[in-house]
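1. build me a model:
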Amino acid sequence: MECTIEDVYNFYQEYPEYIGQLKVQTRYGYFNILACDYTAHNSHVITVKTNLDKEISGSPDHLLWVNNKWTKIKDIKFGDILQTKEGNEIIESVTLQDYKLDLMDLQVDIVEEFYANDIVSHNSTVLDALIFGLFGVAFRNINIPDLINDTNEADMVVEVEFSVGRTNYMVRRGIKPKIFEIYINRSLVDQESKSRDYQKYLERNILKLNRKSFTQVVVLGSASFIPFMQLPLAERRYLIEDLLDIQIFSAMNVALKARVADMKDEYIALCNAIELQNEKILLVKSYLKKLNSDNVNAIAEKKQIIIQNQEQQNVDYDNIENIQQEIVELLKDTLNNKPKIQEKIRKLELSEDKLKTTKVRTEKESEFYKENNQCPVCKQSIDDTFKNKMLLEKTKLIIELESALGSLQKELEDSESQLNNIQKLIVEAEEKTQDIGKLQSSIRAIDSFIEKVQKEIEDLQEKSGDTQEQETKLKALQVELGTLTEQRDNLTSRKHCLDIIAIMLKDTGIKTKIIRQYLPIINKTVNKYLAAMDFFANFSLDESFKETIHIRGSKERNYYQLSEGQKLRIDLAILFTWRDIARIKNSANTNLLMMDEIFQMSLDQAGIEDLLKLIQTMSKDMNIFVISPQGDLLVDKFVNNIKFTEEHGFAVME
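-> Purely as a prediction, here's the structure:
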């Protein structure tokens, strides 16, 4: 039956238990009405009439399909071309009414285009609302204030409800007044002092996605979507790192750099403190020298100091000899075996590459015999007996290659383990060599010190005065100097460890190793989706995220050398691949996919059919929202559809 939006509003107000259960008839079928409420209060009303007496009224910001683009009613002019249910009509008048109305609207599963009084009308705010609600920005390239309705210029609020496992979340964000709230199982999460920190909590702890990754995995729209292949290489890396949940290494690298900078400042401060301490000790010793009146005692004391330092030198020499013996034991046969093992690994890796290449070629040949009954070159039929024979041979060869690969990889792992053990021994030997260097430095320092003390004995003169206080002060200064020196040495050792960690955290370190493991899966998945859309090309990304595209019968190409339809198929395949990778990695497993005006892009009819088949297959496991003004072409392609018309400024369900 026909009813106004006000009828639906009154029904939901009286029977709230039925909210979301009423259905609206559209050109795509019936669809649930999720909500009905006022969207503009005391709004101006503009009436548009066509040369064939069609009429529509709405707020100044209401969108109509005029001159082949979405245009606000307030920007429509006399003579513009307006698309209607029967075709194009000429706008005959645009009138600002002398009254204002409170306007209502519906919220349904998908609302983008509908017929209002047989006129094509637009209400596509779902993507802007979704992106603004979750990330505080617009999906399209517009300023945030432009999202607010021009009529009331306030009270813009978006609520996004979703669940992760058994946990329910709701994000509430608004402008005029400014609102940003996160609820977990209906409980408000304590807000940080800064909204930026609150947003980081939402993205890192709940969504597990930032806006750029969200629009690459969840949203595919014609408004402001930038396909992965059109991103700079640095942004491609950032996106993949985010999907693989390895940006923690980048954060660790930033933190490490800050720590190294702090450590550098601390090292400089320690060196300055040690230099100052040495100057203090030098002054005290000089003063003691002047105060010491007993040449005999002073000389005897200094001789004793020399003896103690000589004894320390003997201990250092013994330690050096012991460490050298330990190094000999560590490196016994190690240096001779290292080149042999490295050469063995190199040969094993070459053999592995050859086996993999042979396996790939054999699999392609096997696939050729499976899929072809005639030769694509000479057009001659392939005999079944020959075909079965070749398939059997290829299958047997593949099994043999896989077995050989398994054995080779086991041998490669063993060799790499041996090489790692050797490297550890070499590192340990290097550390012991550093210990020897420290001992030798100590011996040289003692030699210098002994030489200095002997010179002091020679120059010592009798001085009067109380030396006890100065001697106590000297001992305290020396203890403090020892502490500062120990701190500096420890800092140097820590700096060495951090240098090693820095190498691991660079882009060429751990992250590259992880990405290298996922690249074959990424390339295989992209090619799977390309094949599903009848685009039989071999697409691959390398470790720098540069693409290589091989199309059968043509030379190697890059993304920008393809047709628009081929580029769109690759964009779609990559979008679906990111969702699969995110689900495998469990960094962003979502059952939501928004596709905004995707059928108005560069797909031909065959491409549209292939994409529809792919969507129907994927829709079993996820909620796919397809927003399109081409409703008549897609009406029989989906189970659930919705359409709106407008009468006298009100949206009415057909």
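2. so residue 402 sits against residue 360, correct?
-> No: look at residue 402 against residue 360 with C-beta atoms under 8 Å: they stay out of range, at 11.9 Å. For every residue, glycine as well, the C-beta is placed using N, CA and C.
3. and the residue positioned nearest the centre of the chain, what pLDDT?
-> In the chain, the residue lying closest to the centroid (C-alpha atoms, centre = their mean) is residue 242, at 1.6 Å. On the pLDDT scale, residue 242 is placed at 70.
4. that one should be in a strand, yeah?
-> No: secondary structure of residue 242 (DSSP: H, G, I helix; E, B strand; the rest coil): helix, not part of a strand.
5. is it true that it touches residue 208?
-> No: using C-beta under 8 Å as the test, residue 242 is too far from residue 208 to be in contact (9.0 Å).
6. ok, residue 431 - how many residues close by?
-> 12 (other C-beta atoms under 10 Å).
7. repeat that for the one 10 residues further on.
-> Look at residue 441: counted by other C-beta under 10 Å, it has 11 neighbours.
8. which secondary structure elements does the helix or strand hosting it contact?
-> Taking DSSP states H and E as the criterion, residue 441 maps to helix 384-459. If contacts are counted by 3 or more C-beta pairs under 8 Å, 6 or more residues apart in numbering; DSSP states H and E, helix 384-459 sits against helix 295-330, helix 334-371.
9. list the buried residues for the last one?
-> When you say that, I think you mean helix 334-371. 338, 341, 344-345, 348, 352, 355, 358-359, 362, 365-366, 368-369 (16 or more other C-beta atoms under 10 Å).
10. go on, stretch 309-323?
-> By neighbour count with 16+ other C-beta under 10 Å, stretch 309-323 contains the buried residues 309, 313, 316, 320, 323.
11. the first one against residue 448, yeah?
-> Translated: residue 309. No: the pair residue 309 / residue 448 is not scored as a contact, 10.2 Å apart, by C-beta under 8 Å.
12. and residue 562, what does it touch?
-> For residue 562, the contacting residues are 549, 570, by C-beta atoms under 8 Å, 6 or more residues apart in numbering.
13. how about it, phi and psi?
-> Backbone torsions of residue 562, given as degrees, to the nearest 10, read phi -90, psi 160.
14. how close does the residue nearest to the centre of the chain get to residue 516?
-> Noted for residue 242: a distance of 17 Å to residue 516, by C-beta to C-beta, to the nearest Å.
15. and if you look at residue 508?
-> 11 Å.
16. what's the burial count for residue 236?
-> Residue 236 - counted by other C-beta under 10 Å - has 18 other residues nearby.
17. ugh, typo on my part, it should be residue 530
-> Neighbours around residue 530, by other C-beta under 10 Å: 23.
18. list the contacts for it?
-> By C-beta under 8 Å, 6+ apart, the neighbours of residue 530 are 536, 537, 539, 569, 570, 573.
19. try it again at 6 Å.
-> Counting by C-beta atoms under 6 Å, 6 or more residues apart in numbering, residue 530 touches 537, 573.
20. which strand or helix spans it?
-> helix 512-532.
21. could I get that helix in PDB with only the CA atoms?
-> These are the backbone C-alpha positions of helix 512-532, laid out as PDB (Å, rounded to 0.1, in the frame of the first residue of the first chain):
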ATOM      1  CA  THR A 512      60.900  -7.200   4.000                       C
ATOM      2  CA  LYS A 513      61.300 -10.800   5.100                       C
ATOM      3  CA  ILE A 514      57.700 -11.000   6.300                       C
ATOM      4  CA  ILE A 515      56.400  -9.200   3.100                       C
ATOM      5  CA  ARG A 516      58.500 -11.700   1.000                       C
ATOM      6  CA  GLN A 517      56.600 -14.600   2.500                       C
ATOM      7  CA  TYR A 518      53.200 -13.000   1.600                       C
ATOM      8  CA  LEU A 519      54.000 -11.800  -1.900                       C
ATOM      9  CA  PRO A 520      53.400 -15.200  -3.600                       C
ATOM     10  CA  ILE A 521      50.000 -15.400  -1.800                       C
ATOM     11  CA  ILE A 522      49.200 -11.900  -2.900                       C
ATOM     12  CA  ASN A 523      50.100 -12.400  -6.500                       C
ATOM     13  CA  LYS A 524      48.300 -15.800  -6.700                       C
ATOM     14  CA  THR A 525      45.100 -14.300  -5.200                       C
ATOM     15  CA  VAL A 526      45.100 -11.300  -7.500                       C
ATOM     16  CA  ASN A 527      45.500 -13.600 -10.500                       C
ATOM     17  CA  LYS A 528      42.700 -15.800  -9.200                       C
ATOM     18  CA  TYR A 529      40.300 -12.900  -9.100                       C
ATOM     19  CA  LEU A 530      41.500 -11.700 -12.500                       C
ATOM     20  CA  ALA A 531      40.700 -15.100 -14.000                       C
ATOM     21  CA  ALA A 532      37.300 -15.000 -12.300                       C
END
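22. from the chain's centre, how far out does that helix sit?
-> 16 Å (C-alpha atoms, centre = their mean, to the nearest Å).
23. state the mean pLDDT of it.
-> 86.
24. tell me the spacing between the residue nearest to the centre of the chain and residue 249.
-> 12 Å.
25. check residue 364 too.
-> 37 Å.
26. any chance of the helices and strands packed on helix 384-459 in a markdown table, with distance to residue 435 too?
-> Putting the helices and strands packed on helix 384-459 into a markdown table (distance: least, C-beta to C-beta, whole Å) gives the following:
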| stretch | distance to residue 435 |
| --- | --- |
| helix 295-330 | 6 |
| helix 334-371 | 18 |
